[in-house]
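Peer 1: my questions concern the predicted model and sequence given below.
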Amino acid sequence: MYQITIDNGGERQILHADDPNSTQRIASGKFKEYVGLIPSVALTVTPQNACYNMLHDRNTLTELKNTETGEIEFEGYLLKSPESMTNKGTLQKKLTFEGFLGYLNDSVQMYRNFANASPTEFVTAVLDYHNATTEESKHIYVGMINAGQSGSKTTAYRSTLGELKENLVSRFGGELRVRRGADGRLYLDYLTAANNGGTSDVIVNLGHNLRSLSIESDTANIITRLIPLGAQLDDITPAKNKEQSAERLTIIGAVDPDDGHTYAVPYIDDPAAIARYGVIVGTVEFDDITVKENLVARGKSYLTENNRVKKHYAASVLDISGKGVIRCGDTYRFRNPLMGIDENLRLLGRTVDILKPYTPDVEIGDKTAKITTITAQTQHLISYEIPNQLSQTVQTAKRAAESMIMSATGGYITLLQNDDGTGTAALLISDVPYDQIEDAHNVWIWNQAGLCHATSYPPDGSLNAAIRMDGTIVADYVTTGTMSADRIQGGTLVVGGVNNANGVIEVKNASGSTICRLNNEGSETRDAGGFWIRIANGKLIGGENHNQYVTLDATADIESPDIGRHDKGLYIDADGIAFRCNSFGINGGRGTGGTLHCIDGSPAHVVTDVSLDENGELDVQYADIADAYFSNGILVGGA
């Protein structure tokens, strides 16, 4: 897919051919680029390459060509090429090529002040000086400029690239890039992010062309208590016969335009940010503001925009363009439902393995999220988004595995011999040749003891998965459709979920009949004779076969209409109830006298004592009825 050509004063040679059978091949290589930064290519070559002795620091130029699209993806010069010998006695050179934006580090700007200069005027001036002090091959000319603002700018003995970053990028944003024009000359563009790249119609989807994704939140620039500073006071009211003051306009005494209160302090708080991160004080200067109320409004606006947590995304994708190339600055649709991502994200950087270019690592973002929405989004993800995806886990894992395996072209197979040379010790499949095995990131190791995968060799704690000869499988994650096992040991067992209404645990007897069942509706047990008990919705229900005999409702409303009572309690519906106990008590309010009444509306009385005599008769003592007792279901009493 890639061809690398070097150029020494117009003499061009192929350093790396897009042909695995060619002798003109590099041992390894990576291409890195990031919007606004100097791109680079790092290569390793051995003496077997005919260009090994044709590489000259600072003079040899190179280009990286995509043979599938015909695009030149990188142009630059050889920055350094140290030579070394590996522990196997192999000579090699580690080459570092840098993009032409790096030429702007080869000149230094003298001290100059530009009053109210536009970005185009400033870029033109510094490039003119750069071109005047460097050789023609390093000359760079003004290209497209649509970023930045007019204003005072000062150069002060920094490199040309340093001055451009200090006076433009750091103050106004925007991105720098160097490109080759149709006339063969190099041009510097200074563009807004919106104008540096396009929008792709390609969707990067988990399980299809997205191998992995990580997110890192950056709160380094968060300010929860802002002190906005306006123009210097002597700019507002010039002082006479004294040096200019560094004191600035503050918001003390200003009237808030939103709620009308007067500021007695020089700062503006962000309550939501303080609740999350505590008090973090910061300042910002607005040289053009001379009115306190305007300073309040600008400070509030700055606080809102600044207090967004930057989220940096890093992903490994599988040829997301369909053409074998992806471009920094372009925007792609990224979807990972498990992490709550479904949005357009800009591709800020990429790292491409030149020998395995179909699985580039990319950096995406910066996405920003307001502090006030982070907690709500996180809770939503925990309570709904993740459970909603559980039913898709197996299918997603299958698709991801298919994509990963089918895209893993190349690799190196090594047979390791026993120390005594009598046989094979192990089979290694690695992402680098064995003489560079210390740099490996993916290694499969297979011998008579088992099979394992590790991210380094020897593994030394980097093992990801293994199958041992004793039948043991070791892995960080196991995804499966059906698992058969004698026993499963662990801390937590989770079944079902929002989309898995059939989440079920069943216990069967030796004949295959279900004797216990637990699902999202409750639990049920039954024996071989057909007797069963079910617990669901606060009720315990029992029966035999299809007959229901008893219901115990632990959440029932118990109403005593004759005394106006309405209680929560246990309701029993059964064909009959038999008590065999040493004592039986009724009390109200957990210790006070209880009330006994009949459903048919018989009068209620305060119960002081209930007991069973030796004949099984229920003896009830009432506060208002003497010598009362039940006989044949009838209350019998004296006075």
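Peer 2: Thanks, I have it.

Peer 1: so which residues of the stretch 201-350 of the chain form helices?
Peer 2: Ranges of helices within the stretch 201-350 of the chain are 233-236, 271-277, 292-306, based on DSSP state H, counting those that start in this stretch.

Peer 1: hey, C-alpha coordinates of the last one in PDB?
Peer 2: Right, the one you point to is helix 292-306. Extracted in PDB, the C-alpha atoms of helix 292-306 (Å, rounded to 0.1, in the frame of the first residue of the first chain):
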ATOM      1  CA  LYS A 292     -17.500  47.200  34.500                       C
ATOM      2  CA  GLU A 293     -20.800  45.800  33.400                       C
ATOM      3  CA  ASN A 294     -19.300  44.700  30.000                       C
ATOM      4  CA  LEU A 295     -16.600  43.000  32.000                       C
ATOM      5  CA  VAL A 296     -19.200  41.000  33.900                       C
ATOM      6  CA  ALA A 297     -20.900  39.900  30.700                       C
ATOM      7  CA  ARG A 298     -17.600  38.900  29.100                       C
ATOM      8  CA  GLY A 299     -16.400  37.100  32.200                       C
ATOM      9  CA  LYS A 300     -19.600  35.000  32.400                       C
ATOM     10  CA  SER A 301     -19.400  34.100  28.800                       C
ATOM     11  CA  TYR A 302     -15.700  33.100  29.200                       C
ATOM     12  CA  LEU A 303     -16.500  31.000  32.300                       C
ATOM     13  CA  THR A 304     -19.300  29.100  30.400                       C
ATOM     14  CA  GLU A 305     -17.100  28.300  27.500                       C
ATOM     15  CA  ASN A 306     -13.900  27.500  29.500                       C
END
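
Peer 1: run through the residues that contact residue 14.
Peer 2: Contacts of residue 14 were listed using Cβ atoms under 8 Å, 6 or more residues apart in numbering, and they are 3, 4, 5, 24, 51. In short, each C-beta sits where N, CA and C put it, glycine included.

Peer 1: what do you get for residue 525?
Peer 2: 515, 516, 517, 532, 533.

Peer 1: 6 Å instead?
Peer 2: 516, 533 (Cβ atoms under 6 Å, 6 or more residues apart in numbering).

Peer 1: is it in a helix, a strand, or coil?
Peer 2: Following DSSP: H, G, I helix; E, B strand; the rest coil, we place residue 525 in the strand state.

Peer 1: ok, the closest residue to residue 463 other than its chain neighbours to residue 344 distance?
Peer 2: Distances taken as Cβ to Cβ, 6 or more residues apart in numbering place residue 454 nearest to residue 463, at 4.9 Å, with adjacent residues excluded. For residue 454, the distance to residue 344 equals 37 Å [Cβ to Cβ, to the nearest Å].

Peer 1: same drill for those two, tell me which one is more crowded.
Peer 2: Per other Cβ atoms under 10 Å, whichever of residue 454 and residue 344 has more neighbours is residue 454, with 21 against 11.

Peer 1: bridge partners for the more buried one, pull those for me.
Peer 2: Following DSSP bridges, residue 454 is listed with bridge partners residue 443, residue 463.

Peer 1: dump the residue contacts of it.
Peer 2: 443, 462, 463.

Peer 1: highest neighbour count among these?
Peer 2: residue 443 (25 neighbours).

Peer 1: ok so residue 164 is a helix residue?
Peer 2: Yes: counting by three-state DSSP, one finds residue 164 located in a helix.

Peer 1: tell me how far it lies from residue 114.
Peer 2: Residue 164 is 13 Å from residue 114, by Cβ to Cβ.

Peer 1: beta partners of the residue nearest to residue 95 when sequence neighbours are not counted?
Peer 2: Nearest non-adjacent residue to residue 95, counting by Cβ to Cβ, 6+ apart: residue 43, 4.3 Å away. Taking DSSP bridges as the rule, residue 43 bridges to residue 29, residue 95.
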